[in-house]
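Colleague: compute the structure for the input listed below.
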Amino acid sequence: MNELERLVLQQIGEDIDNPDIFTDDVVGLEPIRDSLNDAIQEIIAVTGSYHETYYIPLRANQGIYRLDISTGDFGWVQNAWLVNQKRRLEQTDFIRLNRFNPRWMESTGTPEEYFQLGNDVIGFYRFPGGEDIVKIDAVIIPKGYNESRDRIKLKDSFKWAAVNYAASEYWASRGDAQSATREFLKYLELIGMQSMHPRSGEGIRQLSSSKEPRVSGGEI
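Modeller: Residues are numbered from 1 along each chain as shown. As a prediction, the model looks like this:
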């Protein structure tokens, strides 16, 4: 039993030393671990609080690369840095590229932008004209842990958020909607999402993009 599991059991009123429901073994703690894994993955997906660094050696005329990610799933790129040029790459996507230059895949030179494709693929515009290295800082959604001794990739500042999430799922499974709602609201507050889940339908906030459109004409 790890620290998070102990805190969840305490939060729901379980006796850790002599548990009534969740025994300290793989089968007994499975519901708690499933909830904690869901919480950890959601927290990281929302906050981007866990990332790893990858170095991609670029090859001439090869603009699309597959990342070797074994610890989880590719969330998104936080930063892409062209090492030799000492320059940051901007983010783009297929829609923007095709809109301004349908033949963008024929453009070669020094990469200016990156785009994400699927769960583990990243591409660059322009296609590299020579060799270089791109340093990628990427948010990774980690795989769930299976045993108490497994490393949990969650910042200490979000520890109680995960506990509240798991406690909320427990109370919901017991049919106690009031306790489940109370714990879930604590979870939303701790990850900074409460303002996006208002208690009423009034003033619901929406997300929007403020990216400036490209200036048309010529190459992208």
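Colleague: name the element Ile21 belongs to?
Modeller: Under the criterion DSSP states H and E, no helix or strand holds Ile21.
Colleague: so that it lines up with my notes, have the first residue be 629 from now on.
Modeller: Sounds good: first residue 629 from here, last item Ile649.
Colleague: so it touches Asp643, yeah?
Modeller: No: using C-beta atoms under 8 Å, Ile649 is not in contact with Asp643, being 9.7 Å away. The C-beta positions use only the backbone N, C-alpha and C, and glycine is treated the same way.
Colleague: so Tyr742 touches Arg754, yeah?
Modeller: No: in this structure, Tyr742 is not within contact of Arg754 by C-beta under 8 Å, at 11.1 Å.
Colleague: the more surrounded of those two?
Modeller: Between Tyr742 and Arg754, counted using other C-beta atoms under 10 Å, the more crowded position is Tyr742 (24 against 18).
Colleague: middle-most residue in the chain, spatially?
Modeller: Central residue of the chain (C-alpha atoms, centre = their mean): Ala673, 3.0 Å from the mean position.
Colleague: helix, strand, or coil at that residue?
Modeller: The three-state label given to Ala673 by DSSP: H, G, I helix; E, B strand; the rest coil is helix.
Colleague: quick one: it from Arg687, how far?
Modeller: 32 Å (C-beta to C-beta, to the nearest Å).
Colleague: who touches Gly751 in this structure?
Modeller: Gly691, Ile692, Tyr693, Tyr742, Phe743, Gln744, Leu745 (C-beta atoms under 8 Å, 6 or more residues apart in numbering).
Colleague: ok, now Arg694?
Modeller: Asp748, Val749.
Colleague: for the protein, which segments count as helices?
Modeller: 631-639, 658-675, 722-728, 787-801, 805-818 (DSSP state H).
Colleague: go through those and name the closest to Pro770.
Modeller: With distances scored as C-beta to C-beta, the stretch of the helices of the chain nearest to Pro770 is helix 658-675 (6.8 Å).
Colleague: these two touch, right, Trp704 and Gly676?
Modeller: Yes: taking C-beta under 8 Å as the definition, Trp704 is a contact partner of Gly676 at 7.4 Å.
Colleague: next, show the common contact partners of those two.
Modeller: Counting by C-beta under 8 Å, 6+ apart, the contacts common to Trp704 and Gly676 are Val767.
Colleague: surely Trp799 and Phe812 touch.
Modeller: No: if you go by C-beta under 8 Å, Trp799 and Phe812 don't touch, sitting 9.0 Å apart.
Colleague: ok now do the residue nearest to the residue nearest to the centre of the chain when sequence neighbours are not counted, which residues does it touch?
Modeller: Spatially, and ignoring its direct neighbours in sequence, Ala673 is nearest to Ile769 (5.6 Å; C-beta to C-beta, 6 or more residues apart in numbering). Residues near Ile769 by C-beta under 8 Å, 6+ apart: Gln669, Ile672, Ala673, Tyr678, Gly700, Asp701, Phe702, Gly703.
Colleague: need the pLDDT of Ile769.
Modeller: As predicted, Ile769 sits at a pLDDT of 93.
Colleague: please enumerate the strands of this protein.
Modeller: Taking DSSP state E as the criterion, the chain carries its strands at 679-686, 692-694, 700-710, 715-716, 718-719, 736-737, 741-745, 749-753, 755-756, 760-770.
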